[in-house]
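# Give me a model of this one.
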Amino acid sequence: MLLHTPTCGELDLIVAARTTTDPDDGAAARIVLAQGRLFTPRPWPATGAPRRGAPAHCFANALRVARRVGGGYVEGFVLAAGRLRHHAWCVRADGAVLDPTWPRGEAPQAYLGVPMAVWFVEAFQQRTLTKTRFAGLLDARVQAERDAGRIHRAGVPSAALLDLGAEVPRTNGS
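Numbering: from 1, shown residues only. Just a heads-up that it's a prediction; the model follows:
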């Protein structure tokens, strides 16, 4: 796990996740704040990286790239233009972010998400029958309709968590 002083963007992202009033993001934010890690935005590599993915398909794109590079699938939130957005990306074993969906030349201010093993995400897709229209593990509709709220209630199982990214600073009462 990386130890670092959070950037202003990361602190803003943590505050946005803690104070979200969006009912669809509330349960996901609780899981991400409890189990998530901070990740530093990086530009897409000029060479040696897999093909980027289609816009608006971040969950499937992140899983595809994680399979290709042997990294982890990360689902959580980004802060972009001051706005909290549910998002997914890939992280390499060295902790480097690979975001195959974010527009080239732009970068979120910060990433906060739960790093998970690919095998767990694939098992989740199999169990919930969400492989063809994957909206992520933390999606409120998927949790309500397909997973009986398991992850929203208990979090991601510890066996599926990866020790990547920087720890989220805790405050009193969190």
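# Now do the closest residue in space to residue 111 that isn't next to it in sequence, the pLDDT please.
Closest residue to residue 111 apart from its sequence neighbours, by CB to CB, 6 or more residues apart in numbering: residue 39 at 3.9 Å. Any C-beta I mention is one placed from the backbone N, CA and C, and that applies to glycine too. Per-residue confidence for residue 39 comes out at a pLDDT of 94.
# May I have the residues that are in contact with residue 39?
Applying CB atoms under 8 Å, 6 or more residues apart in numbering, one finds that residue 39 lies in contact with 74, 89, 91, 95, 97, 110, 111, 112, 113, 164, 165, 166.
# and if you look at residue 136?
Contact analysis of residue 136 by CB under 8 Å, 6+ apart lists 59, 75, 86, 88, 142.
# Which one of those sits in the busiest neighbourhood?
Each of the contacts of residue 136 was scored by neighbour count (other CB atoms under 10 Å); the top score is that of residue 88, with 30 neighbours.
# all helices of this protein, in order?
8-18, 23-35, 58-69, 118-128, 140-145, 150-154 (DSSP state H).
# Tell me which of those helices sits most buried.
Per-stretch averages of neighbours, counted by mean count of other CB atoms under 10 Å, single out helix 58-69 among the helices of the chain, with a mean of 22.
# Can you read off the pLDDT for residue 173?
Per-residue pLDDT puts residue 173 at 52.
# I meant residue 111, not that one.
The model reports residue 111 with a pLDDT of 96.
# Equivalent analysis for residue 101, please.
The confidence metric pLDDT takes the value 94 at residue 101.
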